[in-house]
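Participant: just to be clear, the model below is a prediction. Sequence and coordinates:
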Amino acid sequence: MFSRRVVGWQCSTSLRTDLALDALEMGIWSRERTGADLTDLVHHSDRGVQYLAIRYTQRLAEASVVASVGSRGDSYDNALAEAFNSLFKAELVRNKGPWKNIEDLEIAIAEYIDWFNHRRLHGEIGLIPPAEHEANHYRHNPAATTVTASVASLH
């Protein structure tokens, strides 16, 4: 959350548990690539049924990822994910859609996430992209071990 970087995402025609699991696996893989200690990862989500599924909570436990679930009916607990969803809808869905099929949508999302992480300037982190913010952080704090991952559901 400190960098606002999207580390895991997925798109599907349904809200099945596999959708959330695929995004989670991408987030875990992304953080493992950077050498993050998975025991320091925190997964933030709302109380969506896909995040409460047994297979999903088991996978979090297997990876030693701590689940942080907001309180019922309180969008402020999940403010960063809600803010991302709002930006996603304004910057991609309303400007570029509709798409002909799921494959076209998946390509559009991949391009958007790449732009969001590597080129979009974020005022909250000093008008730099999330990837640059993370690189600066780890360059100046080589002993930093706490990394927070966020997986947002896109609906």
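Facilitator: The structure has been received and is ready for your questions. Numbering: from 1, shown residues only.
Participant: residue ranges for the helices of this structure, please.
Facilitator: When secondary structure is read from DSSP state H, the chain shows helices at 17-33, 49-52, 54-62, 79-88, 94-96, 102-118, 130-140.
Participant: so which of those helices comes closest to residue 2?
Facilitator: helix 130-140 (7.2 Å; Cβ to Cβ). C-beta coordinates here come from the backbone N, C-alpha and C atoms, glycine included.
Participant: other SSEs contacting that closest one?
Facilitator: Secondary-structure packing of helix 130-140 (3 or more Cβ pairs under 8 Å, 6 or more residues apart in numbering; DSSP states H and E): helix 102-118.
Participant: hey, what's the angle from the helix it packs on to helix 130-140? Just curious.
Facilitator: Taking axes from the mean of the first three to the mean of the last three Cα atoms, to 10 degrees, one finds helix 102-118 and helix 130-140 inclined to each other by 40 degrees.
Participant: just the buried positions in helix 102-118, please.
Facilitator: Applying a neighbour-count criterion of 16 or more other Cβ atoms under 10 Å, the buried positions in helix 102-118 are 105, 108-109, 112-113, 116-117.
Participant: and the closest residue to residue 119 other than its chain neighbours, what does it touch?
Facilitator: Closest residue to residue 119 apart from its sequence neighbours, by Cβ to Cβ, 6 or more residues apart in numbering: residue 129 at 5.7 Å. Residue 129 makes contact with 116-122, according to Cβ atoms under 8 Å, 6 or more residues apart in numbering.
Participant: put together JSON lines for those, with distance to residue 11 on each row.
Facilitator: Written out in JSON lines, the entries for the contacts of residue 129 read as follows (distance: Cβ to Cβ, whole Å):
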{"residue": "116", "distance to residue 11": "15"}
{"residue": "117", "distance to residue 11": "17"}
{"residue": "118", "distance to residue 11": "20"}
{"residue": "119", "distance to residue 11": "21"}
{"residue": "120", "distance to residue 11": "19"}
{"residue": "121", "distance to residue 11": "25"}
{"residue": "122", "distance to residue 11": "23"}
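Participant: any stretches of the protein with poor pLDDT?
Facilitator: Low-confidence segments of the chain, defined by pLDDT under 70, span residues 70-77, 143-155.
Participant: residue 8 bridge partners, please.
Facilitator: On the basis of DSSP bridges, residue 8 is bridged to residue 151.
Participant: count residues in the vicinity of it, would you?
Facilitator: Using other Cβ atoms under 10 Å, residue 8 is surrounded by 21 other residues.
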